[in-house]
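> One predicted model, sequence on top.
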Amino acid sequence: MRLPKYWLIVCLTLGILIIFAWVKFLGSNSNFQIALPIDCQLGQGCFIFHYVDLAPNEEEIDFNCGRQTYNDHGGTDFGIPNLQVMEKGVKVVAVAPGVVKRVREGMIDKLVVNQKDIAQVKGKECGNSVLIDHGNAWTTKYCHLKQGSILVKPGIKVEEGTTLGLVGSSGKSSFPHVHLTLRYNNKVIDPFVGKEAIYGCKTPRNSMWKSKINYQSTGLIDAGFSPKSPQAVEIWQGKFLDTKLALDTKSLVLWVHLYGVLEGDIESFTLINPQHKIMIQQEKYVKKSYRNWVSYVGQRNTQDNPLKSGTWQGIYQLKRNSKIIIELTKNVELI
């Protein structure tokens, strides 16, 4: 029996609507892209310190076959140089439109340095955090936000670039940063490779970033002078950033703070006094690869060899395979 013309039109219309909805659904999943979760320009005040770990075992490997990650790290860490920068305020922003699903607040900012610190945040490693549902099974989570900085509540709609809070160091955090976790159907996705990626770094790469982000395995975090040998935690705290030091300081130390140094890298330090005399010229070989690296040279202030007043200059280079990959000059005034 032939269907009436009316029913044919209805069936055809429904079929077109179903196909359109399915295509839209597939498109929304495949075309989902994200912006940066931090309001700064990479390489100028902020940097990517850790990537998603793509190793299928207890090893660690980032999407570019580098080692700037650690075992089972399920997100991308956007860091800032120290707690002093954190106190000034660096915004954490939504990477795409969505609805806030959960918020955690009330955790203090501190640098986790030992097992006792880790035990104190057990179950709350993400610290002050925001979870956003972007629809079509996509979510993002923003961890370690600064205490008292979160501006959104569950149920609030946000747009790309909406301020969620400020970069902090709450939860299990050893440096000030925002940890971004991207998930699809509750599975962690590395935004540098996309949801179709497989384990390991030899995988197809379909970047989900709206703007191109260049991979940088090694970079400068900060550098300066100090009156003593600095520890990494002190530098993360923001100590030793003075451009003037007392003439009676016990030592004058040129320090650098880097990420991603590799075994075999060569460091070159030069320290020049106010009379333009080279007081220290030293090369160091990096004997082991490190994700977080602090290095320094210094001169003691003694009666036989006192420090001179005036402007001292420090020059630093990091070489890899005979190529200079980091170079800087720093000045300090002894008064």
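Structure's in. What do you need? Bear in mind that the values here come from a model prediction, so they are computed numbers and not experimental data. Numbering: from 1, shown residues only.

> got the contact list for residue 255?
223, 224, 225, 226, 230, 235, 240, 294, 295, 296 (CB atoms under 8 Å, 6 or more residues apart in numbering). C-beta here means a position set from N, CA and C on the backbone, and glycine is covered the same way.

> Among those, which one lies nearest to residue 177?
residue 235 (14.5 Å; CB to CB).

> Surely that closest one forms part of a helix?
Yes. Under DSSP: H, G, I helix; E, B strand; the rest coil, residue 235 sits within a helix.

> where does residue 119 land in three-state SS?
helix.

> And the pLDDT for it?
Here the pLDDT value assigned to residue 119 is 97.

> Can you name the residues that contact it?
Per CB under 8 Å, 6+ apart, neighbours of residue 119: none.

> Also residue 196?
Applying CB under 8 Å, 6+ apart, the residues contacting residue 196 are 204, 206.

> Can you tell me which of the contacts of residue 255 end up in strands?
The strands, defined by DSSP state E, take in 223, 224, 225, 226, 294, 295, 296 from the contacts of residue 255.

> Neighbour-wise, which one of the residues you listed leads?
Neighbour tally across the ones in strands among the contacts of residue 255 (other CB atoms under 10 Å): the maximum, 27 neighbours, falls on residue 225.

> Okay, domains of this protein per the record?
Here the domain parsing of the chain from the TED database is 47-188, 219-334.

> Can you say which of those domains is packed in most?
domain 47-188 (a mean of 19; mean count of other CB atoms under 10 Å).

> just how off-centre is it within its chain?
10 Å (CA atoms, centre = their mean, to the nearest Å).

> change the start of the numbering to 290 and stick with it
New numbering, starting at 290: the last item is domain 336-477.

> Could you tell me the end-to-end distance of it?
One end of domain 336-477 sits 21 Å from the other (CA to CA, to the nearest Å).

> can you give me the strands in the stretch 390-539 of the chain?
417-424, 427-434, 446-447, 452-455, 466-473, 476-478, 508-515, 533-534 (DSSP state E, counting those that start in this stretch).

> Tell me how far residue 440 lies from residue 549.
Counting by CB to CB, to the nearest Å, the gap from residue 440 to residue 549 is 33 Å.

> scratch that, residue 480
Taking CB to CB, one finds residue 480 at 19 Å from residue 549.

> try residue 593
40 Å.

> can you pull up the bridge partners for residue 608?
Beta-bridge partners recorded for residue 608 (DSSP bridges): residue 555, residue 613.

> for the residue positioned nearest the centre of the chain, what are its contacts?
By CA atoms, centre = their mean, the chain has its centre lying nearest to residue 367, at 2.3 Å. By CB under 8 Å, 6+ apart, the contact set of residue 367 is 325, 326, 327, 335, 336, 337, 338, 456, 466, 467, 468, 469.

> related to what we said a few turns ago, pipe the domains of the chain into JSON lines and attach distance to residue 494 per row.
Shown next, in JSON lines, are these (distance: least, CB to CB, whole Å):
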{"stretch": "domain 336-477", "distance to residue 494": "7"}
{"stretch": "domain 508-623", "distance to residue 494": "20"}
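
> mind showing which ranges of the stretch 340-489 of the chain have poor pLDDT?
Low-confidence segments of the stretch 340-489 of the chain (pLDDT under 70): none present.

> Swap in 80 and give it another go.
Applying pLDDT under 80 to the stretch 340-489 of the chain flags residues 486-488.

> following the helix or strand that contains residue 366, which helix or strand shows up next?
Taking DSSP states H and E as the definition, residue 366 sits inside strand 365-368. Using DSSP H and E, the helix or strand that follows strand 365-368 in sequence is helix 372-377.
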